[in-house]
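Colleague: Show me the folded form of this:
(one chain, ligands or ions: 1)
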Amino acid sequence: MTTSRRKFLSAGTAAAVGAGSLGFPMVAKAQQTFNWKMTSAYPKGSPFYMDGPGSATDLAKRIEVMSGGRLKIQVYGAGELIPALEGFDAVRAGTVEMNHANSYFWTGKTFAAQYFCAVPFGLNFQGVNGWFYDGGGINLWHEVYAPFGMVAFPCGNTGVQMTGWFKKEIKSVADFKGLKMRIPGLAGKVYASLGVDVKLLPGGEIFPALERGVIDAAEFVGPFQDRRLGLQKAAKFYHTTGWHEPATVSELLINKAAWDKLPADLKAVVENAAAACNVISEGWCQKTNADAMEDLIKNQGVIAKPLPDAVVKALREATDKVLAEAIAKDPVTKKVHDSYMAYKKKFDSWSGYSESVYHNKILG
Ligand code: CA
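Modeller: Sure, this is the predicted structure:
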């Protein structure tokens, strides 16, 4: 939106408020429209993130339709308006009203943001949604972002991710010593504590680095997204245990001052469109990953295997240590951690009678 357009809209809003005071509040309110900008951490055309069911573009479309055109959102891919990972600062400053990304990109601003995206050995898709919608997770998210003048909602989920691609099979913890692996975030810290030489590379640089042997292993998302990068052409072992990202949440980040200007019905439209995309995007991932995994194994010579139990045990112990250090340093992280883990304890206990039994005994 240009400055003159913004000024025009502000003037229009002031006029509408004036009309309301003269006794035509309903008319004035119905005419009020909002033109917002939403940036993304992912480039234009990225499936799941920018394009397709439950993506940023789909979210904006749903909001526009559900609001009868009163809230229009222009969506920008990474690099179009701002660089990929500057969404937090842009929304905070009010340069854009919304950003679509993952909150674990913001752990440098507030470590607690990690818990609203993916926690190693944490909750799965059902569990994290239980915590968000029923266990106080969204309220805590708002509390953590309050000092930055922002609110956030879950608006997508990849479901369980894959451990990643390895040139050599991981048979024991000793295989981690000196292994050069692309893996971001908290899981990277866990691997580093077990001797992995952690490399931070953006998505587009993973394939050439793996192919040339600059790295020995790489994690990205799951079968559909990984195949799109061609990772199966650079490494054949695909370890499947998604310990590091059991259900990675997409984040709809909103400037609080802009949010507060929306009438209650438009707020409800945004919240409900985000919740719809949260479910719809995860449904899309199930099907596309199933198709891609079948293709990788049947047609592309990929060997898919879970990590050995002893390796998973070592990763779990290392994760506990990394999380203990994080909560000891920061009371905000501790508050979120305690809420998340208390919910997880309940969820795991019930799951032991319900979902886990069904998965283990019925689905196999
Ligand atoms: Ca990942």
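
Colleague: Any idea what the residue most central in space within the chain is bridged to?
Modeller: For the chain, the residue sitting closest to the mean C-alpha position, by Cα atoms, centre = their mean, is S250 at 2.8 Å. Going by DSSP bridges, S250 is paired in beta bridges with G156.

Colleague: Give me the distance between it and G230.
Modeller: For S250, the distance to G230 equals 24 Å [Cβ to Cβ, to the nearest Å]. Just so you know, the C-beta spots here come from the backbone N, C-alpha and C atoms, and that holds for glycine as well.

Colleague: V75 now?
Modeller: From V75 over to G230 the distance is 27 Å, taken as Cβ to Cβ.

Colleague: These two - which one has more neighbours?
Modeller: Legend: neighbour count by other Cβ atoms under 10 Å for V75 and G230, higher for V75 (22 against 13).

Colleague: re the thing from before, tell me if I'm right that the residue nearest to the centre of the chain and C155 touch.
Modeller: Yes. The pair S250 / C155 is scored as a contact, 5.2 Å apart, by Cβ atoms under 8 Å.

Colleague: hey, what's in contact with both of those two?
Modeller: Any residue near both S250 and C155 by Cβ atoms under 8 Å, 6 or more residues apart in numbering counts here, and that gives 100, 277-278, 281.

Colleague: so which of these comes closest to the ion?
Modeller: Closest to the ion out of those is S281 (14.9 Å), distances taken as Cβ to the ion.

Colleague: Regarding that closest one, which helix or strand does it belong to?
Modeller: In this assignment (DSSP states H and E), S281 forms part of helix 264-299.

Colleague: What pairs with the next helix or strand after that helix, parallel or antiparallel?
Modeller: Downstream of helix 264-299, the first helix or strand assigned by DSSP H and E is strand 303-305. Paired strands of strand 303-305, with direction, are strand 237-239 (parallel) (DSSP bridges).

Colleague: average pLDDT across the partner strand?
Modeller: The pLDDT scores in strand 237-239 average 98.

Colleague: And stretch 151-165, by the same measure?
Modeller: On average, stretch 151-165 scores 98.

Colleague: Quick check: residues of the chain near the ion?
Modeller: Near the ion, the residues belonging to the chain are 161, 245 when assessed by Cβ under 5 Å from the ion.

Colleague: Give me the below-cutoff pLDDT ranges for the chain.
Modeller: Residue ranges of the chain with pLDDT under 70: 1-31, 364.

Colleague: can you map out the strands along it?
Modeller: Taking DSSP state E as the criterion, the chain carries its strands at 34-40, 71-76, 98-101, 150-157, 164-166, 180-182, 197-199, 217-218, 237-239, 249-255, 303-305.

Colleague: Can you tell me which of those is packed in deepest?
Modeller: Highest mean neighbour count among those (mean count of other Cβ atoms under 10 Å): strand 98-101, with a mean of 28.

Colleague: Can you list the helices and strands that that strand packs against?
Modeller: Applying 3 or more Cβ pairs under 8 Å, 6 or more residues apart in numbering; DSSP states H and E, one finds that strand 98-101 contacts strand 34-40, helix 87-93, strand 249-255.

Colleague: Distance to A318 for those - can I get that in JSON lines?
Modeller: Below are the helices and strands packed on strand 98-101 laid out as JSON lines (distance: least, Cβ to Cβ, whole Å):
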{"stretch": "strand 34-40", "distance to A318": "32"}
{"stretch": "helix 87-93", "distance to A318": "28"}
{"stretch": "strand 249-255", "distance to A318": "23"}
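
Colleague: before we move on, back to that, greatest separation within the shared contacts of S250 and C155: which pair is it?
Modeller: Within these, H100 and N278 form the most distant pair, 12.1 Å apart (Cβ to Cβ).
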